[in-house]
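Undergrad: My questions concern the predicted model and sequence given below.
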Amino acid sequence: MVVPLSLERTYLDSFNLLCGELLGSGISRYVYECTIDPSLVVKVESSESRRFANVFENAFWVDYQYMPKVAAWLAPCVKLSPDGRVLLQKRCQPLPHDYVLPEKLPAFLTDHKRGNFGLYQGRLVCVDYAMTTLNPSMVLRKAYFTS
């Protein structure tokens, strides 16, 4: 499908309205500050990727947001776009350099990169949980944090 030039400009204008400064990126997504609501971030899946990271992350949040022991470890998702390319998530503070990470994490959190964690309402949460296991086991396992 060829997108008319005027529509391409509209998409770009919409992106610029919603997305501010680039905060980070990963394998398939870019994370931006949200210009409309500073309490949120905007996760945009790259057009080359169809890993459905936003879809999986949002589905995991929707499934477990009312299970306090699981939800306490997750940055809340707020809204997913119809095709899953854009996800709004609560903004978390980056971990201070001197923050002491726990020795153990729930087994369902599998990607122990330090950058995948932040502080939300004063507690440690995972901000990138697109690669969690489908069964949210609360068994604590040794954490192997990487940079």
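TA: Received, thanks. Residues are numbered from 1 along each chain as shown.
Undergrad: So which residues of this structure form strands?
TA: Taking DSSP state E to define them, one finds strands in the chain at 19-25, 29-34, 40-45, 77-80, 86-90, 93-94, 104-106, 117-120, 123-126, 140-142.
Undergrad: Please work out the average pLDDT along the last one.
TA: Across strand 140-142, the average pLDDT comes to 90.
Undergrad: quick check, distance from that strand to the centre of its chain.
TA: The chain centroid and the centroid of strand 140-142 are separated by 22 Å under C-alpha atoms, centre = their mean, to the nearest Å.
Undergrad: Give the other helices and strands that that strand contacts.
TA: The contact analysis (3 or more C-beta pairs under 8 Å, 6 or more residues apart in numbering; DSSP states H and E) places strand 140-142 against strand 104-106. To be clear about C-beta, it is placed using only N, CA and C from the backbone, and glycine gets the same treatment.
Undergrad: related to what we said a few turns ago, how about TSV for the strands of the chain, with distance to residue 61 added?
TA: Shown next, in TSV, are these (distance: least, C-beta to C-beta, whole Å):
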stretch	distance to residue 61
strand 19-25	19
strand 29-34	15
strand 40-45	12
strand 77-80	4
strand 86-90	8
strand 93-94	19
strand 104-106	15
strand 117-120	13
strand 123-126	11
strand 140-142	21
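Undergrad: Much appreciated, bye for now.
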